[in-house]
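Engineer: A predicted structure for the sequence below; I have some questions about it.
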Amino acid sequence: MTSNLMDLAALQPPQPQPPLLDHETPPVASNGPIPHPPPKYTKQPELTRDQRRDITLLHSIGYSYSQIQNTLPYRPTIRQIRYACNARATPQKKTGRPPILTQAQVEELVEFVCASTE
């Protein structure tokens, strides 16, 4: 009986296997694209100079970090409070790429654009 099954399998042509990954079509769920998970954390807004001053004042009075956090209405993180207490009062200037145009060039460009519309 097993020889009959072997004979039948030899008579039928092998079925082509579909490719595991089709690089031409992106994976899409039946109801739309695959959703991404939400970010693990959201960045807190940076503290202003006045907020850092308030934190430093409360800390100098004797408030603990958690008491400062519960006292202030804008709810800074403990890390922000610790940084405000231990760092300089005035933050360093933000680093980054310098502007391409100078202020004089920007003003000249604005004058040119305003003059060309008339």
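Structural biologist: Right, received. Where do you want to start?
Engineer: quick one, what contacts the closest residue to residue 82 other than its chain neighbours?
Structural biologist: Spatial nearest neighbour of residue 82, chain neighbours left out: residue 65 (6.2 Å); criterion: Cβ to Cβ, 6 or more residues apart in numbering. Backbone N, C-alpha and C define where each C-beta goes, glycine included. The neighbours of residue 65, taking Cβ atoms under 8 Å, 6 or more residues apart in numbering as the test, are 59, 78, 81, 82, 85.
Engineer: Can you say which helix or strand has the fourth one in it?
Structural biologist: Assigned by DSSP states H and E, residue 82 falls within helix 78-86.
Engineer: Buried residues, that helix. List them.
Structural biologist: For helix 78-86, burial by neighbour count (16 or more other Cβ atoms under 10 Å) applies to 80, 81, 84.
Engineer: Can you show me the helices along this structure?
Structural biologist: 2-11, 49-61, 65-71, 78-86, 103-116 (DSSP state H).
Engineer: returning to what we had before: may I ask which two of the contacts of residue 65 are separated the most?
Structural biologist: The two members of the contacts of residue 65 with the most space between them (Cβ to Cβ) are 59 and 78, at 12.0 Å.
Engineer: where are the low-confidence patches of this protein?
Structural biologist: 1-14, 18-31, 117-118 (pLDDT under 70).
Engineer: distance between the ends of stretch 72-92?
Structural biologist: Start-to-end span of stretch 72-92 (Cα to Cα, to the nearest Å) is 24 Å.
Engineer: and what of stretch 87-105?
Structural biologist: Start and end residues of stretch 87-105 are separated by 37 Å (Cα to Cα).
Engineer: among the helices of the chain, which is nearest residue 43?
Structural biologist: Nearest to residue 43 among the helices of the chain is helix 78-86; the distance by Cβ to Cβ comes to 11.2 Å.
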